[in-house]
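Visitor: need a structure here:
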Amino acid sequence: MNNDMALFIEYLPFLIPLIILQLGLAIFSAIHVIRHPRYRFGNQVMWLLIVLLIQFIGPLIYFVFGRGDYNGRAN
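Guide: Numbering: from 1, shown residues only. Purely as a prediction, here's the structure:
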């Protein structure tokens, strides 16, 4: 048990920036999904679940495949 805690403390300087990056990306993506109701496919609930539950990959999937443009066109 004590060995696990020492290992966790050893990796903590690497984990904190990753956690902050993940949270920032998830929050930014969730705000973008809420404010922009046009998507190439799917709906707002689906994209919110993908962005918030799939770490790092979910926001990338949204911005590459799901985000529609401002003119209302799907592509």
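Visitor: Show me what the longest helix along the chain is packed against.
Guide: Ranked by number of residues, the top helix in the chain under DSSP state H is helix 2-35. On a contact count with 3 or more Cβ pairs under 8 Å, 6 or more residues apart in numbering; DSSP states H and E, helix 2-35 meets helix 44-53, helix 57-61. The C-beta positions use only the backbone N, C-alpha and C, and glycine is treated the same way.
Visitor: Show me which residues of that helix are buried.
Guide: For helix 2-35, burial by neighbour count (16 or more other Cβ atoms under 10 Å) applies to 25-26, 29-30, 32-33.
Visitor: That one vs helix 44-53, what angle?
Guide: Interaxial angle, helix 2-35 versus helix 44-53 (axes from the mean of the first three to the mean of the last three Cα atoms, to 10 degrees): 150 degrees.
Visitor: Just give me how far helix 2-35 sits from the chain centre.
Guide: 11 Å (Cα atoms, centre = their mean, to the nearest Å).
Visitor: Tabulate the helices and strands packed on helix 2-35 in JSON lines, adding columns for mean pLDDT and distance to residue 38.
Guide: Formatted as JSON lines, the helices and strands packed on helix 2-35 follow (pLDDT from 0 to 100; distance: least, Cβ to Cβ, whole Å):
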{"stretch": "helix 44-53", "mean pLDDT": "92", "distance to residue 38": "10"}
{"stretch": "helix 57-61", "mean pLDDT": "91", "distance to residue 38": "17"}
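Visitor: a markdown table for those helices, including mean neighbour count and distance to residue 12?
Guide: Compiled in a markdown table, the helices and strands packed on helix 2-35 are given as follows (neighbours: other Cβ atoms under 10 Å; distance: least, Cβ to Cβ, whole Å):
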| stretch | mean neighbour count | distance to residue 12 |
| --- | --- | --- |
| helix 44-53 | 16 | 24 |
| helix 57-61 | 17 | 24 |
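Visitor: Mind putting the ones you listed into TSV with distance to residue 14?
Guide: Formatted as TSV, the helices and strands packed on helix 2-35 follow (distance: least, Cβ to Cβ, whole Å):
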stretch	distance to residue 14
helix 44-53	23
helix 57-61	19
